[in-house]
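Asks: Need coordinates for the following:
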Amino acid sequence: MIDAACYSMLDRLCPMHVVLTSEGRIRHAGPTTLKVCGDDVLGACFLSIFEIKRPREITSLSSLLETAGRKLNLQFRAPPHRSLKGVLMPGPAPEETIVNLSFGISIVDAVQEYNLTAADFAPTDLTVEMLYLVEAKSAAMDASRQLNQRLQRARVEAEQQALTDTLTGLANRRGMDQSLTRLLSSGENFSIMHLDLDLFKGINDTFGHAAGDFVLKHVAKIMQSEVRVIDLVSRVGGDEFVILLAKSPDRAILEDIAERIIKRVRQPVKFEGNICKVSASAGVSFSFARSAPADADELLSEADTALYAAKYAGRGQVKFFEPSMRDVVQIATTSASR
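Replies: Next up is the predicted model:
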């Protein structure tokens with residue numbers, strides 16, 4: 001029988017091994033074998049724990065002993081039936097046999113499944129080197145994945161910032177243009193409502209730009225609260241706003257939306273003890289009910305013309321575009337330039 005010193009040497013040199021008795025039972029197991037199989041393996045029949053896949057016809061200890069020095073392909077009989085490599089050699093004691101085992105190419109899966117570390121392998125085992133490579137690759141892939149996720153988030157945030165008005169949080173001109181292009185491409189009916197604050201310059205001149213910014217943010221909240229989730233509210237200039245109303249509701253509903261916004265904007269707001277008063281005018285154009293498809297510039301121009309007509313008619317109201325408005329706007333702008 002192998003003495004304790006020999007067992008200790010085997011445990012160090014080949015930590016995944018078993019020592020068999022003359023009856024084919026496992027008398028001793030290396031530390032890695034015990035970690036993988038558990039202490040119950042001691043005393044068990046080797047062939048009840050391991051199935052020999054190659055060479056074939058290994059069903060008894062005598063036939064197993066005939067494979068001495070040859071490579072064995074084995075697998076655990078218990079799930080998950082992990083595959084193994086092995087080699088059998090007679091032990092120093094006549095009645096004992098030593099079988100050294102390894103996981104072969106399935107080592108990566110085994111390491112994860114059994115929580116193996118470098119200490120579970122012989123110091124000279126190339127598996128240790130491979131473990132370092134696997135860990136390095138895993139760490140590199142994890143770092144790469146995290147970097148890609150950060151870059152993706154940064155890209156999304158940058159794109160979002162590029163389409164967002166920093167003061168109000170609404171879409172900016174670029175964001176509005178993109179949404180308008182998508183609406184035109186979809187072929188669905190929609191409306192454009194162009195709003196402008198009346199007498200806004202007086203807020204900045206009287207109370208300062210901080211007050212003006214406060215009023216703009218207040219107006220932005222009003223507009224967002226009066227439209228649907230599918231609609232887009234954008235700030236396209238200093239005190240200019242454009243609302244894109246998808247799946248356009250009928251004229252009466254659009255008029256009601258505009259009048260609610262105008263009514264709420266007209267209500268005075270307090271800023272640092274000062275009362276700020278503005279009003280709003282609105283112009284509306286439609287993408288439908290026309291002889292030929294309109295483009296973005298034409299629709300925006302029509303909404304702008306209707307807005308100017310609302311201001312010319314006394315401000316604080318909404319107008320729907322009509323071709324005759326172009327003449328009114330032309331006369332008004334000509335008179336203003338003289």
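Asks: ok, the residue nearest to Ser179 when sequence neighbours are not counted to Ile261 distance?
Replies: Nearest non-adjacent residue to Ser179, counting by Cβ to Cβ, 6 or more residues apart in numbering: Leu232, 4.9 Å away. Where you see a C-beta, it was placed from the backbone N, CA and C, and this is true even at glycine. With distances taken as Cβ to Cβ, to the nearest Å, Leu232 is found 15 Å from Ile261.
Asks: tell me which element the residue of the chain positioned farthest from its centre falls in.
Replies: Ranked by distance from the centre of the chain (Cα atoms, centre = their mean), the top residue is Pro94, with 64.1 Å. Using DSSP states H and E, Pro94 sits within no helix or strand.
Asks: circling back: so what's the residue nearest to Ser179 up against?
Replies: Applying Cβ atoms under 8 Å, 6 or more residues apart in numbering to Leu232 gives the contacts 171, 175-176, 179, 243-244, 246.
Asks: Could you do Leu116 as well?
Replies: 32, 35-36, 110.
Asks: Just put the residues you listed in a markdown table and tack on secondary structure and neighbour count.
Replies: Formatted as a markdown table, the contacts of Leu116 follow (DSSP: H, G, I helix; E, B strand; the rest coil; neighbours: other Cβ atoms under 10 Å):
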| residue | secondary structure | neighbour count |
| --- | --- | --- |
| Thr32 | helix | 23 |
| Lys35 | helix | 17 |
| Val36 | helix | 22 |
| Ala110 | helix | 19 |
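Asks: just to revisit the earlier point, so which pair among the contacts of Leu232 is furthest apart in space?
Replies: Gly175 and Ala246 (14.5 Å; Cβ to Cβ).
Asks: what's the distance between Asp213 and Ile203?
Replies: On the measure of Cβ to Cβ, Asp213 and Ile203 end up 10 Å apart.
Asks: Ok, Ala110 next?
Replies: 73 Å.
Asks: isn't Met325 right up against Lys319?
Replies: Yes: if you go by Cβ atoms under 8 Å, Met325 and Lys319 touch, sitting 7.3 Å apart.
Asks: which neighbours do the two share?
Replies: The contact lists of Met325 and Lys319 share 306, 309, where a contact means Cβ under 8 Å, 6+ apart.
Asks: quick check: longest helix of this protein.
Replies: In the chain, taking DSSP state H as the definition, the longest helix is helix 126-162.
Asks: So what touches stretch 194-208?
Replies: Outside stretch 194-208, the residues that reach it (Cβ under 8 Å, 6+ apart) are 211-212, 215-216, 219, 223, 238-243, 258, 261, 265, 271-272, 274, 276-285, 300, 303-304, 306-307, 311, 315-316.
Asks: Write the ChimeraX selection for whichever of these are buried.
Replies: Remark: buried members of the contacts of stretch 194-208, expressed as a ChimeraX selection using 16 or more other Cβ atoms under 10 Å:
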select :211,212,215,216,219,223,239,240,241,242,243,258,261,265,271,276,278,279,280,281,282,283,284,285,300,303,304,306,307,311,316
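Asks: Restricted to helices, list the contacts of stretch 194-208.
Replies: Those of those mapping onto helices are 211-212, 215-216, 219, 223, 258, 261, 265, 300, 303-304, 306-307, 311, per DSSP H.
Asks: and the residue nearest to Ser102 when sequence neighbours are not counted, what element?
Replies: Among residues not flanking Ser102 along the chain, Lys85 sits closest, at 4.9 Å (Cβ to Cβ, 6+ apart). Assigned by DSSP H and E, Lys85 belongs to strand 83-90.
Asks: residues touching Ala171, list them.
Replies: 163-165, 179, 232-235.
Asks: so of those residues, which ones are in helices?
Replies: Ser179.
Asks: can you put the contacts of Ala171 in JSON lines and add pLDDT?
Replies: Below are the contacts of Ala171 laid out as JSON lines (pLDDT from 0 to 100):
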{"residue": "Leu163", "pLDDT": "87"}
{"residue": "Thr164", "pLDDT": "91"}
{"residue": "Asp165", "pLDDT": "92"}
{"residue": "Ser179", "pLDDT": "94"}
{"residue": "Leu232", "pLDDT": "95"}
{"residue": "Val233", "pLDDT": "96"}
{"residue": "Ser234", "pLDDT": "96"}
{"residue": "Arg235", "pLDDT": "96"}
